[in-house]
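**Student:** give me coordinates for this.
(chains A, B, C and D)
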4 protein chains.
Amino acid sequence: MMAAKLKTAVMGATGYSGLELTRILERHPLVERPVLLGRNGEVDGLEKSRAKNTVSDLVEIFPELAGKDEYPLQNLSWGELKAAGVELVFLATPHEVSRKVVPEAIAQGLRVIDLSGAWRLKDEGHRAVYGFEDADATMAAALTERAVYGLPELNGDCIRKARLVANPGCYATSVILALAPLLKAGLVDREHGIISDSKSGVSGAGKNASARTHFVSVADNLSAYSVFEHRHLGEIVEQLGLQDEQVTFTPHLLPIPRGILSTIYLRLNDAMAAEEVERLLREFYADRGWVRVFAARRLPEIRYSLHTNYCDLGFCLADDGRRMVMVSCLDNLMKGAAGQAVQNMNLMWGWDAREGLR
Amino acid sequence: MMAAKLKTAVMGATGYSGLELTRILERHPLVERPVLLGRNGEVDGLEKSRAKNTVSDLVEIFPELAGKDEYPLQNLSWGELKAAGVELVFLATPHEVSRKVVPEAIAQGLRVIDLSGAWRLKDEGHRAVYGFEDADATMAAALTERAVYGLPELNGDCIRKARLVANPGCYATSVILALAPLLKAGLVDREHGIISDSKSGVSGAGKNASARTHFVSVADNLSAYSVFEHRHLGEIVEQLGLQDEQVTFTPHLLPIPRGILSTIYLRLNDAMAAEEVERLLREFYADRGWVRVFAARRLPEIRYSLHTNYCDLGFCLADDGRRMVMVSCLDNLMKGAAGQAVQNMNLMWGWDAREGLR
Amino acid sequence: MMAAKLKTAVMGATGYSGLELTRILERHPLVERPVLLGRNGEVDGLEKSRAKNTVSDLVEIFPELAGKDEYPLQNLSWGELKAAGVELVFLATPHEVSRKVVPEAIAQGLRVIDLSGAWRLKDEGHRAVYGFEDADATMAAALTERAVYGLPELNGDCIRKARLVANPGCYATSVILALAPLLKAGLVDREHGIISDSKSGVSGAGKNASARTHFVSVADNLSAYSVFEHRHLGEIVEQLGLQDEQVTFTPHLLPIPRGILSTIYLRLNDAMAAEEVERLLREFYADRGWVRVFAARRLPEIRYSLHTNYCDLGFCLADDGRRMVMVSCLDNLMKGAAGQAVQNMNLMWGWDAREGLR
Amino acid sequence: MMAAKLKTAVMGATGYSGLELTRILERHPLVERPVLLGRNGEVDGLEKSRAKNTVSDLVEIFPELAGKDEYPLQNLSWGELKAAGVELVFLATPHEVSRKVVPEAIAQGLRVIDLSGAWRLKDEGHRAVYGFEDADATMAAALTERAVYGLPELNGDCIRKARLVANPGCYATSVILALAPLLKAGLVDREHGIISDSKSGVSGAGKNASARTHFVSVADNLSAYSVFEHRHLGEIVEQLGLQDEQVTFTPHLLPIPRGILSTIYLRLNDAMAAEEVERLLREFYADRGWVRVFAARRLPEIRYSLHTNYCDLGFCLADDGRRMVMVSCLDNLMKGAAGQAVQNMNLMWGWDAREGLR
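**Tutor:** The predicted model follows:
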């Protein structure tokens, strides 16, 4: 007998991550078509914005959905959501919205996967850059404590039981997955410092139109930004157990719609052979789902992982056996956002990590 | 003895066309570095916007000018402009601003080259799509009458004497220059109708950030827009002496920063040989400056004319000698805007049409 | 009880269409992982090329397949293919290879879907542009006669029973699907002529590296080519029952990897209302699988159909109710090649047209 | 009285650098239109290739030159070149061709600017990666010794007197100009190591069509290559007086036609203030022509220097005052090749460094 499918809701389905998520959920064999909540339809209490989205629907915003039957954004109260049988809410909302909405949802007994940066950071100093203003500071602190950083390859056990999963940042995912095996094995010279020179497609900057995302600004161009002060740095050092000053992280804006490539520079404590490194990486990610390890000196490119949930890892070792360059690639809307969120859901409901993502 | 250089001003230097114009004028051997007027610095009477631009300068907006000495946007009254010896004002402003500013500038005895659509159309019906609200309707009507359509290859004599030049639209330039020789020779079957399938880079849509100009919307994409209702249609039919229904004009948005290619379909009244057509085109544009005629069946591509002031023309003739496909290419910011404006200035001051544009 | 899955083989899996096809077949729930035949592994008789591909495998050519288990190109004789239980062969080979291989495969009792232009044209004049040199002219003529043009929305009944399906050209698919409803209803002024101004991404030009497909030649550019002489013109006129001179077809090379947009110009015999046209299109394609009809004046863009098997149709009608502009979009590797091939397979085996393509 | 213009020749004008060079020389006010020598027209002794280029001309290869008068590639002997009054030969040829041709040209008393890697490296170990096979090893060694590395901002005095200028590599230029001021001032921790994560447009890979430069391989993609083994590493360490293992250099292929951005990571020996660093950079490049230093924390982007001869430098300093990120941008065909070659010519003939490059 077929079990009933899981009922979910997506808030923020009109952004890039939210749309990608909606697309995946629509095809997921174990999930019903998700309820779509307006980005400003923060449910109870935000009456002003309710009217605005009542008439809008996804087809207005994403015409590629035309031809499917109507698929409206809805503004439901938590009670209505519960009554509809929804058990899991995905938030693809700005971090200040997530910070406000999550306590309400959790209080209702819903499980939440939040794609924003609102609940990723444990350290108060790291969190300061977001400037959160919590209505109930005690509650927010408790939730911050309980939130699980949703990187399934590293935190699978905690994710399975989590009520609130903080889905990782796209850049952070590419860097953490590359570094975790070597760092956890104690092979990296932390004092020397680690550099991640990361490059992202424009969808990573979100859907808001600005001078910075104007086609003419991006095409035929490359630019670095937020040097020494990007928000994902906090996630990287917290998850890897590093000090802030041990990681230099430089993001760049690529003239492509999607995809991330991080070129990572580190020094090994002792000289190693390339085969050893390759074996260590392969063993670390054996049976961990969505990481592909390339053979030594064969480097991944952005296009290999586009429209997939893979994070691809490759590396080169200098003749001295100590200087190492790693290349980590993923699709920022998939493994860097929506795909990873679905992978987390799969874990939370005890399903195969690849369900709905193949 | 060296003659004194011409003094000019540019209003709207922060837009794409205005910046390109400023760059050309800076290198023009017969022109002083132009005075830059803030886009909203519409001189007298618009006090509210004056303060806004006082502190801004081009380097804030176009960092590629950094390293040059400071180059501020100024807010000058007409009297101050005249006192500074300025004789010519370029307007790279929205059409409603141009419609308001031009009467004032002309009244001051300044000559004006307006890059907007404000003064291009003689026919009231065509003009209606712009929805102009003229403060002084009589004055506006008189200026509309006197304004010269600034297509130097066709209207050179009038441009030389003009006080107000309406610089043509970018699409319109590509279509009119392709069709003029054959139409003026009476060789085209007008009743059959002419089609221009035109494609433009994104800078043609202006600098305003919107969902439509967001990198992610444009990249890897192509879209048609404003079918049967684009504003440039009026210019095309007026300049070529056609009826509205004789021209079907379809613009498309290309995933490139700049450049236009128009593919034009027409039927000849009588069968011709390709050599005849080529000869006719070459003779028409001999000594007319900035049109390059390609040999029969050799078609121009957008890249050939990028960063130049050329309009490139090529064509293919069907075996029947009557069905004809023309391809017309230009750089929308050069021959389609700023370069053509400078070409017009060259004519107005009796200089070589190539001065400052080589 | 689960029926045994269909066994297939793909020849030419290293080209763009062949790879896309392989990807789809790998996920198709009713098909086994396909056997991959080397592009030059034309089975019996071409011994010289056998050795060349023995050692190569898809991972060498498409590194994005790394991490999957090994997936070699094989060089099998027809006998070996049959012995392995293969019933259907896809050819993603150059047309001259398809012309040679198809007679052998059909003689073995295999069914064939050929993605090249080898078997699409019935008219000898149209076929002449390919310059086929058939070893057995009688056999080739018989097969040409029996081959079914694989456009499922139009020729579904014949495709179901076909042994040899000639998968349509990418441009041709976009044009034929747009025009078929109106032409078959007798509403189009054929004498006036039809124009298709079509634009394609670079994968349509194939994987061979050349000056024309070099990144620097294509980026920031647009070019028209093969005016009045593109091979797909023959398919268009044959399938639509038109005369050659009634269609002007102009392909252009877009600076995007994949996707086609055709802007089609026609004149209706009598004035119609937009609603009538929309209704006619919707009714024509109701229950025909993979065509989406947009509401009047809402035009498809290339990105809407990318990575899907849809052909999207939209249109605008001039005020006179007779001049009409249609826009037809599809992904040249999906509905324009591999996706359509799988759709044809679905019909041939009596499956749902959407199987494996969702 | 007007002095006679310099007569020059360009060998390899059909490549990207050679064409850019030809364009600049055509507009240079102190230089005659250059003689164009066929890429294979290696003058005396290579008779076989002479015929091949006799009929070809630039318009065949670069159609954007159509409309200008004919501009043939010529195959002249050294004697003919001298008789024509040519004093300077630019080589935009593959390094093995340059290695063969330079000794002949120098022997004839011609001055040479070579854009290839043939004469840039003094260290035999570095040179080994090129695998030169010199016909006359003694002569080659002598020329290698005498060749001046043509980076005008650093080696101006030697360039002025040089007979043979080895024009620097594009990547190397971006890295050396960024690092020279700090290294020469002894402020950088060399033992810690320096990293340059460099990204280049596709024209840097040359005009040969290959799978790697195919539009579909490059678009929507980013890839690293030649990690730890790129040829430009030798130039960087030699010019900066570093050890090989002190520099890690990782080039990447960007989906843009032209432009380089190098993100450079270093550690200062002692903490500095950003203002000190900025002042040091500005003073170093005062009056050195073509380097623009940006204010602290304002980073250059590739588009700022496109189609100019500038190398743009910007930087960020970490809170500790020691970790530093520099960003260096240039146009690989201008400051990275042809523009720099012209700048070198300007020095060699005692002209202003900006002549012909504005």
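**Student:** can you list the residues of the stretch 251-358 of chain A near chain B?
**Tutor:** Taking CB under 8 Å from any CB of the partner chain as the contact definition, the stretch 251-358 of chain A meets chain B at A:255-258. For glycine as for every other residue, the C-beta is placed from the backbone atoms N, C-alpha and C.
**Student:** rerun at 6 Å
**Tutor:** Contact residues, the stretch 251-358 of chain A versus chain B (CB under 6 Å from any CB of the partner chain): residue A:257.
**Student:** where exactly do the strands run in the stretch 251-358 of chain A?
**Tutor:** Along the stretch 251-358 of chain A, counting by DSSP state E, counting those that start in this stretch, strands occupy A:260-267, A:291-293, A:311-317, A:323-330.
**Student:** same list (the ones you listed) but as a markdown table, adding mean neighbour count and mean pLDDT.
**Tutor:** A markdown table is the format used below for these (neighbours: other CB atoms under 10 Å in any protein chain shown; pLDDT from 0 to 100):
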| stretch | mean neighbour count | mean pLDDT |
| --- | --- | --- |
| strand A:260-267 | 25 | 98 |
| strand A:291-293 | 23 | 92 |
| strand A:311-317 | 27 | 97 |
| strand A:323-330 | 27 | 98 |
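**Student:** turn the ones you listed into JSON lines, including distance to residue D:205.
**Tutor:** JSON lines is the format used below for the strands of the stretch 251-358 of chain A (distance: least, CB to CB, whole Å):
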{"stretch": "strand A:260-267", "distance to residue D:205": "18"}
{"stretch": "strand A:291-293", "distance to residue D:205": "26"}
{"stretch": "strand A:311-317", "distance to residue D:205": "20"}
{"stretch": "strand A:323-330", "distance to residue D:205": "19"}
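**Student:** gap between the nearest residue to residue A:160 once chain neighbours are set aside and residue A:154?
**Tutor:** Once flanking residues are discounted, residue A:160 sits nearest to residue A:347: 5.2 Å by CB to CB, 6 or more residues apart in numbering or on different chains. Noted for residue A:347: a distance of 12 Å to residue A:154, by CB to CB, to the nearest Å.
**Student:** more neighbours: these two, which one.
**Tutor:** residue A:347 (23 against 19; other CB atoms under 10 Å in any protein chain shown).
**Student:** so what's that one up against?
**Tutor:** A:152, A:156, A:159-160 (CB atoms under 6 Å, 6 or more residues apart in numbering or on different chains).
**Student:** do that again at 8 Å, thanks
**Tutor:** Contacts for residue A:347 were tallied using CB atoms under 8 Å, 6 or more residues apart in numbering or on different chains; they are A:152, A:156, A:159-160, A:353.
**Student:** same question for residue A:244.
**Tutor:** Applying CB under 8 Å, 6+ apart, the residues near residue A:244 are A:233-234, A:237.
**Student:** how confident was the prediction at it?
**Tutor:** Looking at residue A:244, its pLDDT is 96.
**Student:** residues from chain A in reach of chain C?
**Tutor:** Counting by CB under 8 Å from any CB, chain A sits next to chain C at A:27, A:63-64, A:66-67, A:219-220, A:292-295, A:298, A:300-301, A:303-305, A:307, A:310, A:312, A:358.
**Student:** which PyMOL command selects the buried ones in those?
**Tutor:** The buried subset of the residues of chain A next to chain C, as determined by 16 or more other CB atoms under 10 Å in any protein chain shown, is captured in PyMOL by this line:
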select buried, chain A and resi 63+64+66+219+220+292+293+294+300+301+303+304+305+310+312
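**Student:** please flag which of the residues of chain A next to chain C sit within helices.
**Tutor:** Among the residues of chain A next to chain C, the residues falling in helices (DSSP state H) are A:27, A:303-305.
**Student:** closest to residue A:6 among the residues you listed?
**Tutor:** Relative to residue A:6, the closest of those is residue A:27; by CB to CB it sits at 13.8 Å.
**Student:** could you pull up the mean pLDDT of stretch A:346-355?
**Tutor:** 96.
**Student:** can you show me the strands along the stretch 1-150 of chain A?
**Tutor:** A:8-11, A:35-37, A:88-91, A:111-114, A:148-149.
**Student:** neighbouring strands of the third one in the sheet, and parallel or not?
**Tutor:** Strand A:88-91 has the following sheet partners, assigned by DSSP bridges: strand A:8-11 (parallel), strand A:111-114 (parallel).
**Student:** over to the last one?
**Tutor:** Strands that pair with strand A:148-149, judged by DSSP bridges, come out as strand A:164-166 (parallel).
**Student:** related to what we said a few turns ago, switch the strands of the stretch 1-150 of chain A over to JSON lines; also include distance to residue D:36, mean neighbour count and mean pLDDT.
**Tutor:** Output for the strands of the stretch 1-150 of chain A, formatted as JSON lines (distance: least, CB to CB, whole Å; neighbours: other CB atoms under 10 Å in any protein chain shown; pLDDT from 0 to 100):
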{"stretch": "strand A:8-11", "distance to residue D:36": "62", "mean neighbour count": "25", "mean pLDDT": "96"}
{"stretch": "strand A:35-37", "distance to residue D:36": "63", "mean neighbour count": "24", "mean pLDDT": "91"}
{"stretch": "strand A:88-91", "distance to residue D:36": "62", "mean neighbour count": "26", "mean pLDDT": "98"}
{"stretch": "strand A:111-114", "distance to residue D:36": "63", "mean neighbour count": "24", "mean pLDDT": "98"}
{"stretch": "strand A:148-149", "distance to residue D:36": "62", "mean neighbour count": "22", "mean pLDDT": "98"}
